[in-house]
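# sharing a sequence plus its predicted fold:
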Amino acid sequence: MSKVTESLIKRFEDDPRSMYGKDAYDIDIKDYDIAQSTLFHTNSFWPFFDRMRKDAPVHYCPEENSIENEGYWSVTRYKDILEVEANPAHYSSADAGVSIRRRLEQVDRPSFIAMDEPDHGRQRKAVQGVVAPTNLAILEPIIRERCASILDSLPLNETFNWVDKVSIELTTQMLATLFDFPFEQRRKLTYWSDIATSTPDIDGMVDSDAERERILWEECLPAFTELWNERVNKEPSFDLISMLAHGKDTRDMDPATFLGNLTLLIVGGNDTTRNSISGSVLALNEFPEQYAKLRANPSLVGTMVPEIIRWQTPLTHMARTALCDTVLDGQKIKKGDRVVMWYVSGNRDETMIDNPYEFIIDRAKPRQHLSFGFGIHRCMGNRLAEMQLRVIWEEILKRFEKIEVVGEPERNKSTFIKGFSELPVRLHPIKK
């Protein structure tokens, strides 16, 4: 156990409001504070969400009960999450951002995910073309070549960290391509993505919100500003920086909005796909009968991909702010209240998804999940993420009988990004 992990757990154990290590039914549900980092780091939040969906599907945690956040509503059922997503007139993305912690951090990096219409649609449209079907067709052979190269370079007969050597490397190479970022410096993108989602005193990456913002403003922004200045005076090209520099609704962005959109695109293209790649390896090890089914019929990769994304749910939640007094599932929500849609809970809602705790690679309705969101803020890069997962598994199945998980994964300490920093594996090549 790392020193950061020990410190995190001790911090919560010493707080009487902590839910870590407790039974879901030993705590009065009115005292629940589900947004505790240690629950996500230890993957122990599931029983609490199960009870909330059953007994308090729209649940309020007052500020005095909350260890890390202001007061907030938790929306835990599939249908209620859809209702919030589909009603931007009542629930705003622009007021206080989309992470449960964002209001506390007071971060001045506006991005289109944290905007309402019409600003959201205008800025999103400027970069939407990078994931248009025609461009995805161009990207697929590039992704396949890189997957093959990464997989062929992996060590045999020894344990290594799958997260670093495969998941991070593949998604970082893809990000460098999408931004046309200097390829040899691509790991800076991973670093800035991790910094952008870091939380002081939780993950050990930064000591304060100010340090996180300094790194982004003094390292990330200047690097991309240099690329912007190079491309703004050239003919438009098919990379994200050129699209932003030439888009009529983005070419006059102030530095804060430019940085906000950069970090959004970096995190969106990095964390979600990389954690789904790692999560897929873990899921197939936890459900060996599904791994055997996949080896026997590799064409099931197509339906397995959306099941991976549901199973992993790489973004646990999105938050909104109520624009007016309203009612959700019988609960009175006041104007200004924070409303958190827990996708990770909605994706285990047994009233909508059969056997939600089972990883089933040939589900009848594999895309019935909430991981990409819904409505106007549905993930822009969903098809690119699915394509990367499909291609990597097509290439894995050509080479390896099994990717064996040989130790416990090290999970993120974030309540927002559900993923891994370490996944120890050993490869079993196909015998020829």
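Nice, thanks for sending it over.

# which secondary element of the chain has the worst mean pLDDT?
Of all helical and strand segments in the chain, the minimum by mean pLDDT, DSSP states H and E falls on helix 102-105, at a mean of 50.

# would you list every one of the strands in the stretch 301-432 of the chain?
For the stretch 301-432 of the chain, the strands defined by DSSP state E, counting those that start in this stretch cover 317-322, 326-328, 331-333, 338-342, 400-405, 410-411, 420-422, 424-429.

# low pLDDT regions in this protein?
1-13, 95-97, 101-121, 123-131, 201-203, 376-378, 380-381 (pLDDT under 70).

# buried residues, the longest helix seen in the chain. List them.
Identified as the longest helix of the chain according to DSSP state H is helix 255-286. Residues 257-285 are the ones in helix 255-286 that count as buried (16 or more other Cβ atoms under 10 Å). (C-beta placed from N, C-alpha, C; glycine too.)

# what's the answer for stretch 38-58, then?
By neighbour count on 16+ other Cβ under 10 Å, the buried set for stretch 38-58 is 38-42, 44-45, 48-53, 56-58.

# just the ones of these in helices?
Those of these lying in helices (DSSP H): Thr38, Leu39, Phe40, His41, Phe48, Phe49, Asp50, Arg51, Met52, Arg53.

# what's the helix or strand for the closest residue to Val232 other than its chain neighbours?
Distance criterion Cβ to Cβ, 6 or more residues apart in numbering; nearest residue to Val232, sequence neighbours excluded, is Ala245 at 4.2 Å. If you go by DSSP states H and E, Ala245 is part of helix 240-246.

# I'd like the distance from that helix to the chain centre, please.
Distance of helix 240-246 from its chain centroid, counting by Cα atoms, centre = their mean, to the nearest Å, is 24 Å.

# tell me which other helices or strands that helix touches.
Helices and strands touching helix 240-246, by 3 or more Cβ pairs under 8 Å, 6 or more residues apart in numbering; DSSP states H and E, are helix 119-128, helix 169-179, helix 221-231, helix 255-286.

# would JSON lines of those with distance to Pro356 be doable?
Shown next, in JSON lines, are these (distance: least, Cβ to Cβ, whole Å):
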{"stretch": "helix 119-128", "distance to Pro356": "31"}
{"stretch": "helix 169-179", "distance to Pro356": "27"}
{"stretch": "helix 221-231", "distance to Pro356": "40"}
{"stretch": "helix 255-286", "distance to Pro356": "13"}
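
# to Thr197, which of the ones you listed lies closest?
helix 255-286 (5.9 Å; Cβ to Cβ).

# that closest one vs helix 221-231, what angle?
If you take axes from the mean of the first three to the mean of the last three Cα atoms, to 10 degrees, helix 255-286 sits at 110 degrees to helix 221-231.

# chain center to helix 255-286, what's the gap?
Relative to its chain's centre, helix 255-286 lies at 5 Å (Cα atoms, centre = their mean).

# what angle separates it from strand 424-429?
60 degrees.

# tilt between helix 255-286 and strand 400-405?
Interaxial angle, helix 255-286 versus strand 400-405 (the same axes, to 10 degrees): 110 degrees.

# picking that back up, out of the helices and strands packed on helix 240-246, the one nearest Ala137 is which?
helix 169-179 (14.3 Å).

# and the closest one, what does it pack against?
helix 133-152, helix 187-196, helix 240-246, helix 255-286, helix 382-399.

# dump these into JSON lines; add distance to Asp23 as well.
JSON lines is the format used below for those (distance: least, Cβ to Cβ, whole Å):
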{"stretch": "helix 133-152", "distance to Asp23": "43"}
{"stretch": "helix 187-196", "distance to Asp23": "33"}
{"stretch": "helix 240-246", "distance to Asp23": "47"}
{"stretch": "helix 255-286", "distance to Asp23": "23"}
{"stretch": "helix 382-399", "distance to Asp23": "35"}
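
# mind checking which of the ones you listed is nearest Pro306?
Nearest to Pro306, of the helices and strands packed on helix 169-179 and by Cβ to Cβ, is helix 382-399 at 6.9 Å.

# contacting residues for the residue lying closest to Asp239 once chain neighbours are set aside?
Nearest residue to Asp239, sequence neighbours excluded (Cβ to Cβ, 6+ apart): Asp180, at 3.8 Å. Going by Cβ atoms under 8 Å, 6 or more residues apart in numbering, Asp180 touches Leu227, Ser237, Asp239, Leu240, Ile241, Ser242.
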